[in-house]
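Asker: Okay, here's the prediction I keep looking at, along with the sequence it came from:
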Amino acid sequence: MKKLNVSFLKAVSAAFFCLIYFASCKSMEQSIPSVDALALLEENSAVYFKIPVAKHSEFAKKLLCYVVPGLTEKNADYIIPKINTICAGLGNINDKNDMNRVQVSLEGNIPPLAVKTALSEKKGWTLKKSSVNSKIAGISVPHVYYERKDTDYKLALASLKNFVFSKDVEPLLQRYEVQLDSLAETGFVMVPGENWVASTYEWMTETTDEMRFCVLYPQGFLKNLLGRDMKFAIVCASGSLTDNNDGSYNLALNIDFENRFVLTAAKAVLSLVYDKNAKIETSSETLKVFDIRLTTEDVLAL
C-alpha cells in the first residue's frame, strides 16, 4: 500500500483543527450573552436615543437605512426582526467641533447569513481586523469591522448579538470587552460616570415600548426641538416618544433646571411657544411638557 505524504497528512490535520476551532468559535459566540446596547456607547455624547425595535420597526428600518450607507430596505427587512434595541449617541459634550458625531449600537441576535448578505464586498463593504481582541475558547481573536470607500463610518461586530457603528469603532469595542467582563464577574454592566445622572440612566435602560432619549448637553438640542433658544441654566433633559400608529408621535419632555426661579421663567416662555398645543406642568425643579405632536420626519430630523 502506498504511503501517504507526510506534508499531506499535516495539511489535513491542520484543516481539521481549523474546522473544529471555528465551529467551536461560532458555538462559543452564540453562548456569549448580549450586552445592553446603551452601555457600549461612549459616555460623552450630547444626546442619547433608545429605540425598542419590535414596537417601532418601520422607524428603525428608516433610521438604519439613513445611517448605514448601502443598506437597502430589502436587507433591512431581513435584519430588523433580529434586532431588539437600537441606541444612538449624538454629538460630543467635550468637543463642540464634534457635535455631528454619531455612534449607533444594536443589540439582538443577528444570524451570520444576514451579515454576509448585507455587508458583502459586492455591496461595497471591506472586512478589516480591529486592534481590539476578544477571547474565544481562551484564545485572543481580533474583533472585525466593515468599512466602505464612500463613508468614514465603520460597522463592527462585537458579537452576533452586538453591533456598533461609528467613525471610530475601537473605543466601542473596548467598552464591549469591559462590559462583557463586568457581566461575567457581577451579572451587571458598569453604569456610566459623572456626565450621567444615575436615575436618568436607570430610566433609559428600563424595559418599555416607548422610544426614549436624554440630553446631557440640552441647549442646542432643545433649540432644534422647540424652535426657540432656551437661554436658561438647564441641568438635563429627557423624554419619550409614543407611536400614534398614524405616522406621528407624541412627545413627553422633562427639563431639569438649577432652581425654581429659572423653571418659572422657562415655563412662561414655553407657554407662549405652544399656546394650547401642549400640556405644561411643574414639579420641584422639573418642567414637564406633554402631547407635543411630531411626524416621523420630525423625529428623524432630530
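Answerer: Yes, it's here.
Asker: Check for me that Gly239 belongs to a helix.
Answerer: No. When classified by DSSP: H, G, I helix; E, B strand; the rest coil, Gly239 is found to be strand rather than part of a helix.
Asker: what about it, how many neighbours?
Answerer: The number of residues packed around Gly239, counting by other CB atoms under 10 Å, is 19. The way it works is simple: take the backbone N, C-alpha and C, and place the C-beta from them, glycine included.
Asker: now do Ile93
Answerer: Other residues lying near Ile93 total 16 when counted by other CB under 10 Å.
Asker: Provide the secondary structure category for Gly70.
Answerer: Three-state assignment for Gly70 (three-state DSSP): coil.
Asker: Tell me which residues touch it, please.
Answerer: With contact taken as CB atoms under 8 Å, 6 or more residues apart in numbering, Gly70 is in contact with Lys123, Gly124, Trp125, Arg148, Asp150.
Asker: And it, how far from Ala158?
Answerer: Distance check for Gly70 against Ala158: by CB to CB, to the nearest Å, it reads 21 Å.
Asker: Can you show me the helices along this structure?
Answerer: Assigned by DSSP state H, the helices in the chain fall at 6-31, 57-67, 73-79, 112-118, 170-186, 198-204, 218-226, 260-274, 296-301.
Asker: In the last one, which residues are buried?
Answerer: The reference is to helix 296-301. When burial is assessed from 16 or more other CB atoms under 10 Å, helix 296-301 yields the following buried residues: Thr296, Val299.
Asker: so Val53 sits right up against Asn84, yeah?
Answerer: Yes. The pair formed by Val53 and Asn84 meets the contact definition of CB atoms under 8 Å, at 6.1 Å.
Asker: more neighbours, those two?
Answerer: Here Val53 and Asn84 are compared on neighbour count by other CB under 10 Å; more neighbours surround Val53, at 22 against 15.
Asker: Thr282 versus that one, what's the distance?
Answerer: Plainly put, Val53 is 34 Å away from Thr282 if you go by CB to CB.
Asker: swap in Leu241?
Answerer: Per CB to CB, Leu241 is found 22 Å from Thr282.
Asker: do Thr205 as well
Answerer: Taking CB to CB, one finds Thr205 at 26 Å from Thr282.
Asker: Who has more neighbours out of those two?
Answerer: Neighbours around Thr205 and Thr282, counted as other CB under 10 Å, are more numerous at Thr205. The numbers are 18 against 14.
Asker: Would you check that the more buried one makes contact with Ala37?
Answerer: No. Because the distance of 9.5 Å does not satisfy CB under 8 Å, Thr205 is recorded as not touching Ala37.
Asker: Could you pull out the residues contacting both of those two?
Answerer: Residues touching both Thr205 and Ala37 (CB under 8 Å, 6+ apart) are Lys50.
Asker: what residue ranges in the chain score low on pLDDT?
Answerer: 1-31, 137, 194-195, 198, 219-222, 224-230, 275-276, 302 (pLDDT under 70).
Asker: Nearest spatial neighbour of Asn133, chain-adjacent residues omitted?
Answerer: Here the nearest residue to Asn133 in space, its sequence neighbours aside, is Ser140; by CB to CB, 6 or more residues apart in numbering that works out to 4.3 Å.
Asker: doesn't Ser134 make contact with that neighbour?
Answerer: Yes. With contact defined as CB under 8 Å, Ser140 reaches Ser134; the gap is 7.4 Å.
Asker: of those two, who's got more company?
Answerer: Ser134 (21 against 8).
Asker: chain center to stretch 63-77: distance?
Answerer: Mean C-alpha position of stretch 63-77 versus that of the full chain (CA atoms, centre = their mean, to the nearest Å) differs by 15 Å.
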